[in-house]
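K.L.:
Give me a model of this one.
(one chain, ligands or ions: 1)
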Amino acid sequence: MASNKIIGIDLGTTNSVVAVREGDKVTVIANAQGNRLTPSVVAIGEKGERLVGQVAKRQAITNSKNTVYSIKRFMGRRHNEVAAEEKLVPYEIVGGPDELVKVRVRGKDYTPPEISAMVLQDLKRTAENYLGEEVKKAVVTVPAYFNDAQRQATKDAGVIAGLEVVRIINEPTASALAYGLDKKKNEKIAVFDFGGGTFDISILDVGEGVFDVVATNGDTHLGGDDLDQRVMDFIADTFRADTGIDLRKDQMALQRLKEAAEKAKCELSTVLETDLNLPFITADSSGPKHLTMKITRAKLEELTRDLIGRARGPCLRCLEDARRKRGAAFNVDEVILVGGQIRMPAIEALVKEIFGRDPHKGVNPDEVVAVGAAIQGAVINQEIKDILLLDVTPLSLGVETLGGVVDILIPRNTTIPTHKTKVYTTASDSQPGVEIHVLQGERPMSRDNRTLGRFELTGLPPAPRGMPQIEVSFDIDANGILNVHAKDLGTGKEQSIIIKSSSGLSDDEVHKMQREAESHAEEDKRQRSLIEKRNQADSLVYNVQRTLKEHGSKLSEPDRAKIEAAIKEIQEALKGDDLARIERASETLTQASYTLAQMLYQQKQPGAEAGPAGPQEAPGAAPGPGPQAPGETPGPKGKGEGDVIDADYEVKE
Ligand code: AMP
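P.N.:
Residues are numbered from 1 along each chain as shown. The predicted model follows:
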């Protein structure tokens with residue numbers, strides 16, 4: 001049965017989170033491994049199988065070229081826009097300079113929305129396991145500073161994953177919703193969001209159910225990944241100075257280095273010095289080499305000072321824009337910190353310096369965005385009433401006019417949804433048509449901004465220049481997605497585009513990918529089921545063997561032989577991938593061990609009549625918590641087992 005719930009998804013650069021509102025509470029749903037954060041990592045295995053989340057992250061060191069992380073940095077981007085991010089990742093980025101990038105994994109090209117869809121599919125499944133019903137709708141968050149193409153790409157990812165993205169909502173706005181849902185008094189808040197791949201700042205007026213975004217700014221090329229890179233370079237440079245070996249040339253060493261650098265960075269948020277210890281990191285003719293070094297918080301701050309400083313400009317511009325809109329005396333009452341990277345003390349110090357106050361510590365920086373998205377889902381579903389969300393468009397939108405100059409129709413920080421029209425004319429006599437070149441950005445010349453799309457309005461009747469009247473209208477919907485329309489007022493001829501092509505995917509392509517994802521969903525389900533059955537069979541064998549060792553001597557020889565044969569069969573079955581055979585063999589062993597179970601039962605209850613112990617009581621039928629094998633997926637979490645978080649989301653530290 002399909003649920004009428006609208007889940008909230010924070011599709012993060014590093015981690016993703018899914019939440020749902022039930023009754024008055026928002027639950028952040030734990031995934032199959034029991035974690036509330038799912039790494040936004042996807043890997044393609046040798047047989048083409050798709051691994052997502054922790055399982056994918058775990059094998060990144062040995063399969064780095066086929067493991068895709070930080071895909072959010074490539075969403076809706078052309079190749080010439082991602083030179084910096086391309087250097088940060090070990091996987092192959094393909095496509096001409098002006099084309100939208102694709103990722104090549106094991107010889108197959110994937111668009112960033114396709115990769116993101118694999119993460120979304122996983123989160124969808126997590127929510128379905130928890131709710132016990134199919135989920136069809138989601139609110140998905142994006143950085144406020146995402147442009148039109150990046151938003152559209154995110155929506156496409158949802159469709160590919162089989163989700164209707166009922167709303168794209170800005171991450172800081174979602175955080176503000178989670179923070180301020182039950183706040184009665186009016187407050188002006190700043191949401192400072194420094195995540196793995198993007199930095200966002202938004203200023204909002206919040207109170208009595210109204211969430212009014214005053215201004216927003218940010219940098220979609222700045223995040224925790226960049227800090228990791230600095231630490232990695234420092235370690236690699238130091239190691240090269242000592243040994244002459246450049247670890248960056250060895251993919252496996254590089255991946256270990258990356259993980260160690262991030263770990264050290266995180267540790268240095270709470271301690272002043274940490275040890276790096278990477279034994280057998282590489283080898284030369286003299287034998288294996290180990291990497292051990294100390295790194296201090298002061299060193300980390302020195303290495304990353306300029307990166308952290310890059311957050312200052314957007315904050316000041318955002319404050320300036322807010323004051324321009326609301327008056328020079330406008331000031332913020334509270335700063336909310338969001339994103340994993342804000343735990344770094346130097347970042348907190350920067351926030352304090354810019355806003356002149358200690359930031360608010362009451363929200364969980366990793367989960368608040370998903371919680372806000374779930375609240376927005378409940379608002380759309382009308383489970384929560386009397387909420388008014390007034391968001392803004394982060395970047396100015398306009399058209400190219402004569403001489404390559406941009407004429408802005410919708411300035412940045414305009415409240416959305418919005419509609420603007422303007423009348424233009426021709427530049428030469430008898431001009432048969434006009435090209436509408438739609439642009440997004442803050443620079444005066446069109447070449448310095450991002451082209452969202454172009455279209456032609458043709459068939460204008462011959463007329464002297466300046467005579468035709470061409471009305472251009474821009475509509476931005478609640479998702480921040482633009483629809484452009486042009487009309488020749490003389491003839492009534494019209495032409496319009498939804499700036500869809502900006503994500504690079506036509507509807508057909510999106511639907512094709514959706515079908516592909518669906519077909520993989522079946523295969524993934526089979527894989528998961530196989531892994532579960534394997535694990536169960538494995539622990540069944542383990543438990544029966546253990547019991548046999550302890551009590552087997554009391555069994556008759558034929559009974560014992562029967563059990564041993566059944567164990568052998570299951571072990572043989574486990575060598576292959578035949579699910580039915582594993583199931584059959586498990587059943588046979590369960591049956592064979594019945595005698596053993598019965599004997600133990602009788603021993604425990606001397607004098608008592610041995611009841612017909614059902615096969616489910618055979619030793620090992622309920623597998624114990626064995627070691628987590630890679631890919632192990634415990635059964636779905638029951639409803640009510642997920643952690644419950646208050647809607648106002650106050651977490652006391
Ligand atoms: P997000 O995109 O919000 O999940 O943020 C992920 C980023 O936060 C990654 O770059 C992490 O390395 C970083 N991060 C997580 N925990 C910490 C910590 N304790 N100190 C510093 N950075 C952290």
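K.L.:
just checking, what packs against the helix or strand residue 543 falls within?
P.N.:
If you go by DSSP states H and E, residue 543 is part of helix 507-551. Packed against helix 507-551, as judged by 3 or more CB pairs under 8 Å, 6 or more residues apart in numbering; DSSP states H and E, are the following elements: helix 112-131, helix 148-160, helix 557-574, helix 579-592, helix 594-604. No exception for glycine: its C-beta is placed from N, CA and C like everyone else's.
K.L.:
who wins for proximity to the ligand among those helices?
P.N.:
helix 112-131 (12.6 Å; CB to the nearest ligand atom).
K.L.:
is it possible to export the helices and strands packed on helix 507-551 to a markdown table including distance to the ligand?
P.N.:
As requested, the helices and strands packed on helix 507-551 are exported to a markdown table (distance: least, CB to the nearest ligand atom, whole Å):
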| stretch | distance to the ligand |
| --- | --- |
| helix 112-131 | 13 |
| helix 148-160 | 15 |
| helix 557-574 | 37 |
| helix 579-592 | 36 |
| helix 594-604 | 47 |
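K.L.:
tell me, which of those is the model least confident about?
P.N.:
Mean pLDDT is lowest for helix 594-604 out of the helices and strands packed on helix 507-551, coming in at a mean of 75.
K.L.:
And that helix, what's buried?
P.N.:
By neighbour count on 16 or more other CB atoms under 10 Å, the buried set for helix 594-604 is 594, 595, 596, 597, 598, 599, 600.
K.L.:
how about a markdown table for the helices and strands packed on helix 507-551, with distance to residue 34 added?
P.N.:
Output for the helices and strands packed on helix 507-551, formatted as a markdown table (distance: least, CB to CB, whole Å):
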| stretch | distance to residue 34 |
| --- | --- |
| helix 112-131 | 11 |
| helix 148-160 | 25 |
| helix 557-574 | 25 |
| helix 579-592 | 24 |
| helix 594-604 | 30 |
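K.L.:
For residue 260, which of these is the nearest?
P.N.:
helix 112-131 (24.5 Å; CB to CB).
K.L.:
angle of the closest one against helix 148-160?
P.N.:
50 degrees (axes from the mean of the first three to the mean of the last three CA atoms, to 10 degrees).
K.L.:
Give me the distance between helix 112-131 and the centre of its chain.
P.N.:
10 Å (CA atoms, centre = their mean, to the nearest Å).
K.L.:
Name the nearest residue to whichever residue of the stretch 101-250 of the chain sits closest to the ligand, ignoring sequence neighbours.
P.N.:
For the stretch 101-250 of the chain and the ligand, the shortest gap (CB to the nearest ligand atom) falls at residue 224, measuring 2.0 Å. Leaving aside its sequence neighbours, residue 224 sits nearest to residue 341 (CB to CB, 6 or more residues apart in numbering; 4.0 Å).
K.L.:
Wasn't that neighbour part of a strand?
P.N.:
No: under DSSP: H, G, I helix; E, B strand; the rest coil, residue 341 falls outside any strand and is assigned helix.
K.L.:
what about it, distance to residue 166?
P.N.:
29 Å (CB to CB, to the nearest Å).
K.L.:
Likewise for residue 64?
P.N.:
Taken as CB to CB, the span from residue 64 to residue 166 is 36 Å.
K.L.:
confidence score at residue 515?
P.N.:
Residue 515 carries a pLDDT value of 73.
K.L.:
go on, the one 3 residues further on?
P.N.:
Confidence per residue is given as pLDDT, and for residue 518 that number is 74.
K.L.:
contacting residues for it?
P.N.:
residue 162 (CB atoms under 8 Å, 6 or more residues apart in numbering).
K.L.:
Likewise for residue 599?
P.N.:
With CB under 8 Å, 6+ apart, residue 599 has these contacts: 551, 554, 555.
K.L.:
number of nearby residues for the residue nearest to residue 224?
P.N.:
28 (other CB atoms under 10 Å).
K.L.:
now it: how far from residue 218?
P.N.:
When residue 341 is compared with residue 218 (using CB to CB), they lie 14 Å apart.
K.L.:
Over to residue 283?
P.N.:
From residue 283 to residue 218 the distance is 44 Å (CB to CB).
K.L.:
Looking at the two, which one has more neighbours?
P.N.:
Per other CB under 10 Å, whichever of residue 283 and residue 218 has more neighbours is residue 218, with 26 against 11.
K.L.:
Name the SS class of the more buried one, please.
P.N.:
strand.
K.L.:
From residue 279, how far off is it?
P.N.:
For residue 218, the distance to residue 279 - CB to CB - is 40 Å.
K.L.:
Quick one: end-to-end length of stretch 135-151, please.
P.N.:
22 Å (CA to CA, to the nearest Å).
K.L.:
Also stretch 49-62?
P.N.:
16 Å.
K.L.:
And the strands in the stretch 151-300 of the chain, which stretches?
P.N.:
Listed in chain order, the strands of the stretch 151-300 of the chain (DSSP state E, counting those that start in this stretch) span 164-170, 187-194, 199-207, 210-219, 273-284, 287-296.
K.L.:
Before I go, just wanted to say thanks for your time.
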